[in-house]
Each structure stands twice: as C-alpha cells, then as structure tokens.
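# Provided below for reference: sequence and predicted model.
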Amino acid sequence: MCSSCAPETANGTVNGTVNGTTTNGTTPNGTTPNGTANGTRQSRQPYQSVADAYSNTANFKIIESTLREGEQFANAFYDTETKIKIATALSDFGVEYIELTSPVASPQSRADCEAICKLGLKAKILTHVRCTMEDAKIAVATGVDGVDVVIGTSQILRDHSHHKSMAQITETAIEVVQYIKSQGVEVRFSSEDSFRSNLVDLLSLYQAVDKAGVNRVGIADTVGLATPRQVYKLVRTLRDVVSCDIETHFHNDTMCAVANAHAALEAGATHVDTSVLGIGERNGITPLGGLLARMIVESPEYVKSRYQLHKLKEIEDLVANTVQVNVPFNNPITGYSAFSHKAGIHAKAILNKPETYEILNPSDWGVKRWIHFSSRLTGWNAIKSRAEQLGLIINDEQAKQLTQKIKAMADVRPLAIDDTDSIIRSFCLEHVPEV
Ligand code: HCA
Ligand code: CU
C-alpha cells in the first residue's frame, strides 16, 4: 500500500461509522442507506428497465481456463501440485467448469488431467483438444466430464494452419461430436478465429454440429479484434440458428475482452471463458475478476449466490505467484488502487456515502477501501476523519486550518502517512485543549 493513504477500520470508513452507516451498507435498523432490505444496493443502472429476453447477464456459467489458456501465457509453468491447488481453489470459488490443457500436449499433461479428474471437485472438468478422432479418444479416456473441441475456420487459418476445407471440417466435426457424445461425455465444438470466418460457413457448421447433438458451440475471438457490437450481432444471429448452449472466448489484445463477454451474454451466450488475471496467449483473455466486477453491477444476487467472491484475491495471488507477475495496480477489485480515494471532494462524499464514487462494494470481495489523507488534494473531511481515527477530536474550523498546513507541506514533497499523522498530532497538541 502506498505511504500516503490509510486503511479503513473494520466497519468500512476512515472513522468507523458515518451517519449510522457501516461498511456493508446496513444501518442499525437493517436497511441500506437507500432503503432496500438485506444490504443489496439499489439498481445501479437506473436507465436499464426492461430485461432483454435474449440476455443471460443474470444466468451464465464460467469456463475457467487458467489451466489451459493460462498455460499458454509466456511465464506459465505448472507442476502437478500447483495445478491441483489452482483447480481446487477455482472449484471452491464456484466456477462451473475448469478447462485443462490437452492430454495430447505431453505425457505429464495427460497424467495431470487424469489426476485432476480423480479429485472429485465440484466444478466439472474439461479438456481442450483439436478436432480429430485421435485427440477425442485420448481426451475421453482421461475421465473428464467434457471435451472442448476446436478447429480454425477463418480462411487465413485454413490456408496457413491446418489446410482443411469447410466440408472436411464439417465432416470431422460431426464424427468427433457424435463419438464424444456416445461416450456419455459432454462436448463443445468451437471455431478458432470466428470473427474472421465467413458467416455463412460458420452458421452452417454450427447448425450441423447442433444437429449432431453437441452440448455447446463456441465463438472465439482468437486475435482479439472484435468489438462489443460485432459480438452482439454474431451471438444474436447464432442464438437463432442453434438450440444448444453458446460458449464465448475473447482475447484482450485491444482491451475489449470483458466488454465483449458482456455483450455476448446480452445477446444470449450461456458460457464465458475466463482465466485468473486474464493470463493466456499474448496479453490473454477475459479475466475472471474483471468479468465478475462487470457482472455484479447488474446481477448482484446472481453473482453473489454463485461465487465465493472473498476468495478472489487469494486465487489471484496464487496464480500471480505461480507465473511470477504482479497483480496490476489497476486490476478490478484487487488492484492496489481499485478502492482508493484521493481528491478532497471524493473523500468527503465517500465518507458520507460510499456509493457516491463506488459502483462496486469492497466488502463484497473482502477487500478494503482506502482514503488518502496525505496529499495536496486532500480535503478537510478526510483530515478530520483521520484525526478521529487517531483518537483526536477537532472541530470543523480546526480541521480546515490543519488541512491548509498539510497541503502546504504536500506542495513541497510527497508526504508519508507518518508525516501527516505527526502534523495532525502536533497541531492537536497546540490547538486542542486537553480534557
Ligand atoms: C488458441 C485457441 C483458442 C481456443 C478457444 C476455444 C482461441 O489458443 O488459439 O476453444 O474456444 O483463442 O481460439 O484459445
Ligand atoms: Cu484463446
């Protein structure tokens, strides 16, 4: 944590209770400041009234791919023990599916896949393979609950990767889907590079696998070029063409991965692929935490009922340590500054009512809000609160005077918490009569 901001007290504000409101948003009479029961914030999107019939924003499933897509991240190396730790943590967190690296990748990948299947986790275990009968057979033999099958469908991948025609792809896809289904295993068929694929080709292929009994079809923005509008259009079109579930996978090259996942759910997608911190090929895919931050805003009951949100930080730290990266400072929810408030007008309003500048509630995630009081942007409300936190009572006039002193110092150099605290203490010694 930086040296110029202070953690809140356990009840969530710099000085404890403010206007009778505590961190979790409940007042002593059990209602929230805005009057709703059981601590739920009132609608955060006042302009969203009628739910779209296609929308699954309050009814979606997560396919967590830290142990597949995430293994494709530059730094990733997972030994068996680490894979088991991550899989267990993700299952405890509540993700519905965990996707593992193809057992065809290496002997150890196959052994690890088998070991994870035997753990008896609550989450369903999937593995991810190329669209061939050989891969499908090996995948099924590992004991997974489901197999995610993929093949490139864009012209550029067909020309430069596997050299198959759409007719060949369709034929093999049907055979593979039917085989996996016949083994009593769930199957998903997905096209790599969906957004650079011919729409008619794509829809005909998906229609064929839908008829063959596939559980899900998948749309993948493999190169991260899609926009939310394009995603919405494609998923909505697909929704009318197939009756199976629709999984979606978005790369983050142009930072649209969360917005694209959201657009996909609005258009009727049922499943979203994520990885912890978004790790994956290049700069990765839709991050688990970022997706849930987005989704809790409009579907708080759904998100809170399915996922153990307070475990997010622990999982992110586990994965960050494993792949030797830092959690980015601006990461949603767990980033170092995700709940820090600095400018005087922000701090003042936050102290009165956190919803003024927070759409997410840190206590939902077991993390803390931080209010800066050691900068030239600091306002007197934050200083008064800090003084109270130190057990020093000052009146508003005194807080204003003291703030001017602190601002004058902070104009010259950065102030650490200790610096500001000693300015506050000596001011109080001089100005506040002892009782
Ligand atoms: C890749 C494959 C994939 C597959 C996605 C999926 C992609 O690593 O290139 O199975 O839906 O981004 O297309 O991750
Ligand atoms: Cu991918």
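Sure thing, it's come through. Ligands and ions are numbered 1, 2, ... in the order given.
# Val104 reaches Val129, doesn't it?
Yes. The pair Val104 and Val129 qualifies as a contact (C-beta atoms under 8 Å) at a distance of 6.3 Å. Where you see a C-beta, it was placed from the backbone N, CA and C, and this is true even at glycine.
# and those two? Which one has more around it.
Val129 (25 against 19; other C-beta atoms under 10 Å).
# coming back round to it: name the residues contacting each of Val104 and Val129.
135, 138-139 (C-beta atoms under 8 Å, 6 or more residues apart in numbering).
# out of the residues you listed, name the ones that lie in helices.
Members of the shared contacts of Val104 and Val129 lying in helices (criterion: DSSP state H): 135, 138-139.
# can you redo these as TSV with neighbour count?
As requested, these are exported to TSV (neighbours: other C-beta atoms under 10 Å):
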residue	neighbour count
Asp135	20
Ile138	18
Ala139	30
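# can you list those in JSON lines and add distance to ligand 1 and pLDDT?
Listed next are these as JSON lines, based on distance: C-beta to the nearest ligand atom, whole Å; pLDDT from 0 to 100:
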{"residue": "Asp135", "distance to ligand 1": "13", "pLDDT": "98"}
{"residue": "Ile138", "distance to ligand 1": "17", "pLDDT": "98"}
{"residue": "Ala139", "distance to ligand 1": "13", "pLDDT": "98"}
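# and which of those is nearest Glu397?
Ala139 (72.4 Å; C-beta to C-beta).
# just to check, that closest one is in contact with Val147?
Yes. Between Ala139 and Val147 there is a contact under C-beta under 8 Å: 4.5 Å.
# any residues in contact with both of those two?
In contact with both Ala139 and Val147: 127, 129, 180, using C-beta under 8 Å, 6+ apart.
# now, these that are in helices?
Per DSSP H, the shared contacts of Ala139 and Val147 map to helices at Ile180.
# can I get the shared contacts of Ala139 and Val147 in TSV with pLDDT and distance to Asp421?
Listed next are those as TSV, based on pLDDT from 0 to 100; distance: C-beta to C-beta, whole Å:
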residue	pLDDT	distance to Asp421
Thr127	98	55
Val129	98	59
Ile180	98	64
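# which among the shared contacts of Ala139 and Val147 are in contact with ligand 1?
Among the shared contacts of Ala139 and Val147, no residue lies close to ligand 1 (C-beta under 6 Å from any ligand atom).
# which of the shared contacts of Ala139 and Val147 lies closest to ligand 1?
Distance to ligand 1, by C-beta to the nearest ligand atom, is smallest for Val129 among the shared contacts of Ala139 and Val147, at 9.5 Å.
# for Lys137, see how far away the closest one is.
10 Å (C-beta to C-beta, to the nearest Å).
# which residues do these two both contact?
By C-beta under 8 Å, 6+ apart, no residue touches both Val129 and Lys137.
# what's the distance between the closest residue to ligand 1 within the stretch 301-435 of the chain and Leu119?
Closest residue of the stretch 301-435 of the chain to ligand 1, C-beta to the nearest ligand atom: Val323 (16.6 Å). For Val323, the distance to Leu119 (C-beta to C-beta) stands at 22 Å.
# likewise for Val209?
For Val209, the distance to Leu119 - C-beta to C-beta - is 30 Å.
# show me which of these two is the more surrounded one.
More crowded of Val209 and Leu119, by other C-beta under 10 Å: Val209, with 27 against 13.
# in three-state terms, label the more buried one for me.
helix (DSSP: H, G, I helix; E, B strand; the rest coil).
# equivalent analysis for Gly184, please.
Gly184 is classified as coil under three-state DSSP.
# flag every residue of the stretch 201-350 of the chain that's near ligand 1.
For the stretch 201-350 of the chain, the residues in contact with ligand 1 (C-beta under 6 Å from any ligand atom) are 218, 220, 222, 249, 251, 281.
# let me see the contact set for the nearest residue to the third one once chain neighbours are set aside.
So that's Thr222. Spatial nearest neighbour of Thr222, chain neighbours left out: Asp193 (4.5 Å); criterion: C-beta to C-beta, 6 or more residues apart in numbering. Applying C-beta under 8 Å, 6+ apart, we find Asp193 in contact with 152-154, 156-157, 220, 222-223.
# state the distance from Asp193 to ligand 1.
6 Å (C-beta to the nearest ligand atom, to the nearest Å).
# gap between that residue and Ser109?
Applying C-beta to C-beta to Asp193 and Ser109 gives a distance of 24 Å.
# likewise for Gly143?
14 Å.
# neighbour count: the two, which is higher?
Ser109 (21 against 15).
# does the more buried one touch Lys83 like I think?
No. Using C-beta under 8 Å, Ser109 is not in contact with Lys83, being 9.5 Å away.
# quick check: neighbours shared by these two?
By C-beta under 8 Å, 6+ apart, the residues touching both Ser109 and Lys83 are Leu100.
# tell me what whichever helix or strand Val217 is part of is packed against?
Assigned by DSSP states H and E, Val217 belongs to strand 216-221. Secondary-structure packing of strand 216-221 (3 or more C-beta pairs under 8 Å, 6 or more residues apart in numbering; DSSP states H and E): strand 146-152, strand 186-192, helix 199-211, helix 228-239, strand 245-250.
# got the angle between the third one and strand 146-152?
It refers to helix 199-211. 160 degrees (axes from the mean of the first three to the mean of the last three C-alpha atoms, to 10 degrees).
# just the C-alphas of helix 199-211, formatted as CSV.
Output in CSV follows, covering the C-alpha atoms of helix 199-211 (Å, rounded to 0.1, in the frame of the first residue of the first chain):
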residue,chain,number,x,y,z
LEU,A,199,-20.5,-16.0,-41.5
VAL,A,200,-22.5,-18.4,-43.8
ASP,A,201,-19.8,-21.1,-43.4
LEU,A,202,-19.8,-20.6,-39.6
LEU,A,203,-23.5,-20.8,-39.2
SER,A,204,-23.8,-23.9,-41.4
LEU,A,205,-21.1,-25.6,-39.5
TYR,A,206,-22.7,-24.8,-36.1
GLN,A,207,-26.1,-26.0,-37.4
ALA,A,208,-24.5,-29.3,-38.4
VAL,A,209,-22.9,-29.9,-35.0
ASP,A,210,-26.0,-28.8,-33.2
LYS,A,211,-28.0,-31.4,-35.2
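# any idea how far it is from the middle of the chain?
Counting by C-alpha atoms, centre = their mean, to the nearest Å, helix 199-211 is centred 30 Å from the centre of its parent chain.
# ditto for stretch 116-136
23 Å.
# equivalent analysis for stretch 404-420, please.
With C-alpha atoms, centre = their mean, you get 36 Å for stretch 404-420.
# now do it: distance from first to last residue.
Its first and final residues considered, stretch 404-420 spans 12 Å by C-alpha to C-alpha, to the nearest Å.
# tell me which residues of that stretch come out buried.
Neighbour-count burial for stretch 404-420 flags 406-407, 409-410, 415, 417, 419-420 (criterion: 16 or more other C-beta atoms under 10 Å).
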